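Enquirer: got a predicted structure plus its sequence, pasted below:
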Amino acid sequence: MIGTYEPPLSSVKRIFVIKPQAMPLAPGVIGRAFSLDGRIFIPLIVAQKEGSGDVGRFLDSLTVRCAIVCVTSERLRGMLKRRGWKETFEPSDDGEVDIWVRQ
């Protein structure tokens, strides 16, 4: 099931910054999200309490406009796969970037 939630957006659009300041995205979840070309990119997701299920609920709630960017955590990768998200690759200034989208 695809959700209807879109997280609050950051004004910073750079994915990689030296000290990204996380902001609340949903109950129990902090991170970063920004809008670009009608899409919402989420390059950072952190559970405030690991194992609470908050990140899973957050992923389930997101709209199709949301995309998870640069997934380095195998745990998050597994969560996305189990929920039917699909990994794609898009060109960027630094080469290709992995982007997970709703199917």
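Expert: Everything's here; your move. Numbers count the residues shown, from 1 in each chain.

Enquirer: residues near Ser73, how many?
Expert: By the criterion of other Cβ atoms under 10 Å, Ser73 has 12 neighbours. In this view, the C-beta of every residue, glycine as well, is placed from N, C-alpha and C.

Enquirer: roughly how far does it sit from Leu9?
Expert: In this view, Ser73 and Leu9 are 22 Å apart by Cβ to Cβ, to the nearest Å.

Enquirer: now do Ser92
Expert: 19 Å.

Enquirer: ok, those two, which is more surrounded?
Expert: Taking Ser92 and Leu9 together and counting by other Cβ under 10 Å, Leu9 has the greater number of neighbours (17 against 12).

Enquirer: does that one really touch Ser35, like I thought?
Expert: Yes: between Leu9 and Ser35 there is a contact at 5.3 Å, judged by Cβ atoms under 8 Å.

Enquirer: for stretch 80-89, which positions count as buried?
Expert: Leu80, Trp85 (16 or more other Cβ atoms under 10 Å).

Enquirer: oh, that last question was meant for stretch 60-69, not what I typed.
Expert: Ser61, Leu62, Cys66, Ala67, Ile68, Val69.

Enquirer: likewise stretch 29-47?
Expert: 29-34, 40-47.

Enquirer: likewise for stretch 90-103?
Expert: Buried, per 16+ other Cβ under 10 Å, within stretch 90-103: Val97, Ile99, Trp100, Val101, Arg102.

Enquirer: in CSV: those, plus pLDDT, distance to Gly78 and secondary structure.
Expert: Below are the buried residues of stretch 90-103 laid out as CSV (pLDDT from 0 to 100; distance: Cβ to Cβ, whole Å; DSSP: H, G, I helix; E, B strand; the rest coil):
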residue, pLDDT, distance to Gly78, secondary structure
Val97, 91, 20, strand
Ile99, 96, 17, strand
Trp100, 97, 12, strand
Val101, 96, 17, strand
Arg102, 91, 16, strand
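
Enquirer: from these, pick the one nearest Arg57.
Expert: Arg102 (15.4 Å; Cβ to Cβ).
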